[in-house]
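J.: curious how this folds, go ahead:
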Amino acid sequence: MDIEARAHSEHPEALRLWLRLLTCTQLVEKQVRTLLRERFDTTLPRFDLMAQLERTPAGLKMNELSRRMMVTGGNVTGITDQLVAEGQVERIDVEGDRRACRVRLTARGRKQFQEMARQHEGWIVDAFSGLNDKEIATLHKLLGKVKEHAGAGRQETAA
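T.: Numbering: from 1, shown residues only. Sure thing, here's the model as predicted:
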């Protein structure tokens with residue numbers, strides 16, 4: 001049973017929408033995880049780490065990677081260790097800070113990531129192929145409003 005099946009007609013429409021969004025996210029993510037494993041023998045967290053590094057060719061410190069990926073430093077270290085062993089990323093000493101290092105993609109890692117990213121894009125496009133361009137644009141705009149409102153609400157709660 002998916003998460004959305006928990007909702008009943010007497011629940012507020014907003015709650016039912018939230019559950020549908022979660023269900024859709026889980027279904028797409030499950031498909032992406034499966035395809036990454038089958039086609040590239042990799043995981044979504046490894047893909048995500050490489051995506052962060054691809055955006056920053058000079059590399060990132062481990063704590064920056066952790067913050068961007070919203071995971072613990074231990075998770076980032078474990079994934080980085082695996083990718084270093086495979087020659088996908090490298091650690092570079094940070095001048096003036098013996099405790100820190102930057103992580104960046106190697107040429108091999110960049111080439112591998114570019115192929116994964118190309119296919120990943122296709123998988124995501126396919127996941128939304130049930131919608132036409134106008135519907136996609138409308139959904140994007142509406143979810144942007146939800147994001148903006150939720151972000152504003154979080155700031156008010158913290159104040």
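
J.: the helix or strand bottoming out on mean pLDDT in the chain: which residues count as buried?
T.: None of the helices or strands of the chain scores lower by mean pLDDT, DSSP states H and E than helix 133-158, at a mean of 85. By 16 or more other C-beta atoms under 10 Å, helix 133-158 has no buried positions at all. C-beta: built from backbone N, CA, C; applies to glycine.

J.: swap in stretch 16-34?
T.: Buried positions in stretch 16-34, judged by neighbour count with 16+ other C-beta under 10 Å: Trp18, Leu19, Thr23, Val32.

J.: report the longest helix in the protein, please.
T.: Identified as the longest helix of the chain according to DSSP state H is helix 13-40.

J.: can you name the residues that contact the residue most central in space within the chain?
T.: The centre of the chain sits closest to Asp48, judged by C-alpha atoms, centre = their mean, with a distance of 5.2 Å. Asp48 is in contact with Met69, counting by C-beta atoms under 8 Å, 6 or more residues apart in numbering.

J.: list the buried residues in the strand or helix carrying it.
T.: Here Asp48, judged by DSSP states H and E, is contained in helix 44-55. Neighbour counts over helix 44-55 (16+ other C-beta under 10 Å) mark Pro45, Arg46, Phe47, Asp48, Leu49, Met50, Gln52, Leu53, Glu54 as buried.

J.: mind putting those residues into a markdown table with pLDDT and distance to Glu95?
T.: Formatted as a markdown table, the buried residues of helix 44-55 follow (pLDDT from 0 to 100; distance: C-beta to C-beta, whole Å):
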| residue | pLDDT | distance to Glu95 |
| --- | --- | --- |
| Pro45 | 95 | 29 |
| Arg46 | 96 | 28 |
| Phe47 | 97 | 30 |
| Asp48 | 96 | 28 |
| Leu49 | 96 | 23 |
| Met50 | 97 | 25 |
| Gln52 | 96 | 22 |
| Leu53 | 97 | 19 |
| Glu54 | 96 | 23 |
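
J.: tell me the one of these nearest Ala100?
T.: Leu53 (15.8 Å; C-beta to C-beta).

J.: give me the nearest residue to the closest one, chain neighbours excluded.
T.: Distances taken as C-beta to C-beta, 6 or more residues apart in numbering put Leu105 closest to Leu53, at 4.7 Å, once the chain neighbours are dropped.
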